[in-house]
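[1] Predicted coordinates and the sequence they were generated for:
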Amino acid sequence: MRPEKASIIDDLRQRLDASPFLLLIDYAGLNVLQFSELRNRLAAQGAACKVVKNTFLRRAASELGLPELNGVLQGQSAIVTGDKDVCAAAKVLKNFKAEFQKPALKLGVLDKALLSAEQVAALADLPPKEVLQAQFLGLLQTPAGNLVRLLNEPASRLARVLQAKADQAAEPEAAAAA
């Protein structure tokens, strides 16, 4: 193999190894301005889009132990990788496709598990990672909050009874003063 090709495969392997996800798209039919717009939108979400040669991607993926991609590596292929949230990148692709009818999502790989295009579309419908973390934290805090309220209830009842007694005692004094 020529050194140039080995260098390209090595660069691709490093990119795939550094990313927790890989989305494979067919960019056929996108013009340069549209492809540039897609790259900009993905970059805003911490992802990058790179056009790859299918044979180079096949070799780099097999060297990393990723699932077999032979069935879908046909036509014009580009990869989307990133270091942040896969859901945000999938949402950008879904919105871009709704706007321009392209690119077609071929498949995804998340933590070395193969995802179909439908599964990647389901990821796009999830809320952002921060929202999911906040919802999870709220679920974790609910039992503790209920326990605190339960433990405070007897003291609260006693305080309300004492306040009612104090109010009753204050009523005859206020009537006598008037």
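    Happy to help now that I have it. Worth saying up front: this structure is predicted, and the values here are computed from it rather than measured.
[2] From now on I want contacts and neighbour counts done on CA atoms only, so please keep to that.
    Fine.
[3] Distance check, residue 1 against residue 13.
    Applying CA to CA, to the nearest Å, the value for residue 1 to residue 13 is 16 Å.
[4] quick one: which of these two has more around it?
    More crowded of residue 1 and residue 13, by other CA atoms under 10 Å: residue 13, with 19 against 5.
[5] Spit out the contact partners of that one.
    60-61, 63-64 (CA atoms under 8 Å, 6 or more residues apart in numbering).
[6] Swap in 10 Å and give it another go.
    7, 56-57, 59-64 (CA atoms under 10 Å, 6 or more residues apart in numbering).
[7] Which member of those is positioned nearest residue 115?
    Of all those, residue 115 sits closest to residue 61, with 14.9 Å by CA to CA.
[8] isn't that closest one right next to residue 16, touching?
    Yes: using CA atoms under 10 Å, residue 61 is in contact with residue 16, at 7.7 Å.
[9] the helices in the chain, which residues?
    3-18, 32-44, 54-64, 86-100, 117-124, 129-177 (DSSP state H).
[10] wait, which of those helices is closest to residue 73?
    helix 54-64 (5.6 Å).
[11] the inter-axis angle of the closest one versus helix 3-18?
    Put simply, helix 54-64 runs at 50 degrees to helix 3-18, going by axes from the mean of the first three to the mean of the last three CA atoms, to 10 degrees.
[12] Distance check, residue 157 against residue 169.
    Residue 157 is 18 Å from residue 169, by CA to CA.
[13] my guess is residue 126 contacts residue 89, does it?
    No: contact criterion CA under 10 Å: residue 126 and residue 89 do not qualify, at 11.5 Å.
[14] per-residue confidence averaged over stretch 98-112?
    Across stretch 98-112, pLDDT averages out at 85.
[15] What of stretch 117-124?
    On average, stretch 117-124 scores 85.
[16] In terms of neighbours, single out the busier of residue 126 and residue 89.
    residue 89 (28 against 14).
[17] check contacts around that one.
    With CA under 10 Å, 6+ apart, residue 89 has these contacts: 21-23, 41-49, 80-82, 120, 123-124.
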